[in-house]
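[1] any chance you can model this:
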Amino acid sequence: MEYCSRILYKVGTLPSFQFHSRCKHMKLNHLIFADDLLLFSKGDYNSICMLMSALKMFAETSGLQMSLGKSEMYLTGMTEDEISRIQQVTGFRIGSLPFRYLGAPMSTKRLKVVNDCEALIDKMCMRVKVVLHNINSICRNYLWHGSYDSNSPGYVAWDMVCTSKDHGVLGVRNILLWNQAAVAKHVWAISHKKDSLWVKWVHSVYINEANWEGYQPPTNASWVWKCICHIKDQLWPMIAINDATQFSIAKTYKAPLPNGLPWRYNKGYGIDFLFLSIDSFFGLL
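    Residues are numbered from 1 along each chain as shown. Next up, the predicted model:
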């Protein structure tokens with residue numbers, strides 16, 4: 001699939017190829033996940049023919065063929081004649097929006113949480129909350145009672161137990177705080193404009209040329225993006241201690257606030273995050 005990606009990238013460098021309007025800035029004409037391929041272009045006959053020629057070249061070279069029965073195309077703002085002409089050259093059936101990919105709804109319109117995403121979000125959040133709280137609970141029970149399933153309370157507040165050894169306490173890792181420090185890696189990646197599709201997309205769609213440190217998300221931004229921006233505002237001094245080449249979750253977690261005090265878990269944000277690779281957030285925004 002790497003060879004397929006290189007061919008499609010080459011197609012994007014040709015002067016006659018026209019990108020989709022939302023992909024032009026990043027020069028994005030495809031995404032590959034495992035053996036799934038998503039193609040993007042302007043609804044232009046020549047551009048689509050170029051993409052199909054690239055797939056044909058890949059098939060002839062690798063022996064891997066498209067499954068037309070599992071392939072669909074989604075078109076908007078085009079005449080019936082244009083659609084018919086494109087369908088003849090591709091052989092794909094016409095799909096309708098929204099459709100689901102990996103369980104998430106795909107649409108050209110802003111998704112409605114209640115109708116489109118509520119079940120998926122609830123399922124993800126509940127699993128993450130359970131995992132994070134259970135890890136903290138197991139650690140707390142083992143420390144005070146020597147078993148993981150005790151219901152007896154601890155002798156000292158867990159926030160105090162998790163305070164750094166520099167402050168004379170045990171310094172046990174708080175998984176909820178660690179989770180926030182992990183999310184902060186996304187803030188750092190955006191700040192240093194790392195070579196990532198997700199980072200490029202965020203700069204293109206949300207930030208543009210704005211100052212990232214002082215940036216505030218628009219009211220219509222996604223919930224995930226607002227939470228990342230909140231982590232930025234909350235942990236910026238600790239994020240800034242990382243250099244441009246490498247981010248350390250451990251260093252961020254251990255870093256004190258500017259006043260020298262340890263930072264505390266903010267119950268409003270962060271608990272619903274589990275650290276993922278940067279590119280994996282692309283489909284959630």
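[2] which residues does Gln18 contact?
    Contact analysis of Gln18 by Cβ atoms under 8 Å, 6 or more residues apart in numbering lists Ser41, Lys42, Asp44, Asn46, Ser47. C-beta coordinates here come from the backbone N, C-alpha and C atoms, glycine included.
[3] same thing but at 10 Å, please
    Gln18 makes contacts with Lys24, Asn29, Ser41, Lys42, Gly43, Asp44, Asn46, Ser47, Ile48, Met50, as judged by Cβ atoms under 10 Å, 6 or more residues apart in numbering.
[4] residue ranges of the strands in the stretch 101-250 of the chain, please?
    104-106 (DSSP state E, counting those that start in this stretch).
[5] out of the contacts of Gln18, the closest to Ala184 would be?
    Ala184 lies nearest to Lys24 out of the contacts of Gln18, by Cβ to Cβ, at 30.8 Å.
[6] so what's the closest one up against?
    Contacts of Lys24 by Cβ under 10 Å, 6+ apart are Gln18, Phe40, Lys42, Ser204.
[7] can I have the buried ones of those as a PyMOL selection?
    Filtering the contacts of Lys24 down to the buried ones (16 or more other Cβ atoms under 10 Å) takes a single PyMOL command:
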select buried, resi 18+40+42
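[8] so of the contacts of Gln18, which ones are in helices?
    Using DSSP state H, Asn46, Ser47, Ile48, Met50 are the members of those that sit in helices.
[9] and the nearest residue to the first one once chain neighbours are set aside, how far from Gln216?
    Excluding the flanking residues, the one nearest Asn46 by Cβ to Cβ, 6 or more residues apart in numbering is Ser16, at 6.0 Å. Summarising the geometry, the distance separating Ser16 from Gln216, computed by Cβ to Cβ, to the nearest Å, is 41 Å.
[10] count the neighbours of the closest residue to Tyr215 other than its chain neighbours for me.
    Nearest non-adjacent residue to Tyr215, counting by Cβ to Cβ, 6+ apart: Ile207, 6.0 Å away. By other Cβ atoms under 10 Å, the residues close to Ile207 number 15.
[11] repeat for the one 10 residues further on
    By the measure other Cβ under 10 Å, the count of residues near Pro217 is 16.
[12] dump the residue contacts of it.
    Tyr206, Ile207, Trp225, Lys226, Cys227, Ile228, Cys229, His230, Lys232.
[13] separation between it and Ser107?
    Distance from Pro217 to Ser107, by Cβ to Cβ: 21 Å.
[14] again with Arg6
    30 Å.
[15] one more: Ile249?
    For Ile249 relative to Ser107 (Cβ to Cβ), the value is 34 Å.
[16] show me which of those two is the more surrounded one.
    Ile249 (18 against 12).
[17] distance from stretch 218-227 to the middle of the chain?
    13 Å (Cα atoms, centre = their mean, to the nearest Å).
[18] number of nearby residues for the residue nearest to Ser41 when sequence neighbours are not counted?
    Sequence neighbours aside, Ser47 is the residue nearest to Ser41 in space, at 4.3 Å (criterion: Cβ to Cβ, 6+ apart). Applying other Cβ under 10 Å, we find 23 residues neighbouring Ser47.
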